[in-house]
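Colleague: predicted structure and sequence below. I'll ask about it afterward.
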Amino acid sequence: MDSDTPSRILDLIDDDFTFSILFSTDGRATDFAGGREAMEGYLAQREKGTLTHHPLDVSSTGRAEFYLGEVRRAGEVVANYVAAGQVGPSGRLQRLIIGRSPGVRFEGGADVQPGAAGR
């Protein structure tokens, strides 16, 4: 989603995809939720090219993957996020939930590669 073409992720989601992204900043939270159309709207309103997401810890079990990471602006941490996704029988993402907040900071280390899930 950090690329110049974040909409490319739409090819990775299942037909019955649903998500919720609870986005907190400045003491206020916004919940972006729904299916494919809502994800298209979320992607259209995002800041492009300014924020990057860096996984700090990744795990998986069965069809589920879990991430703990940092959101950075110009290399400086501005928030942490947690994300959980479930892959459907099609092999594409079926469910996604993300929480992002500047209110709690986890100690970061070296970025992990998403392929490191299930270590």
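Modeller: That came through, no problem. Numbers count the residues shown, from 1 in each chain.

Colleague: what's the following helix or strand after the helix or strand bottoming out on mean pLDDT in the chain?
Modeller: Counting by mean pLDDT, DSSP states H and E, the weakest-scoring helix or strand in the chain turns out to be helix 36-45, with a mean of 89. Per DSSP states H and E, helix 36-45 leads on to strand 51-61 as the next helix or strand towards the C-terminus.

Colleague: would you map the strands across the protein?
Modeller: Using DSSP state E, the strands assigned to the chain run over residues 13-25, 28-34, 51-61, 64-73, 76-87, 93-101.

Colleague: average model confidence for the fifth one?
Modeller: Across strand 76-87, pLDDT averages out at 95.

Colleague: burial count for D16?
Modeller: Residues lying near D16 (other CB atoms under 10 Å) number 12. (Glycine included, C-beta is placed from N, CA and C.)

Colleague: which residues are in contact with P102?
Modeller: If you count contacts by CB atoms under 8 Å, 6 or more residues apart in numbering, P102 has them with S24, T25, V78, A79, N80.

Colleague: returning to what we had before: so which of the strands of the chain gets nearest Q45?
Modeller: Ranking the strands of the chain by distance to Q45, with CB to CB as the measure, places strand 28-34 first at 8.4 Å.
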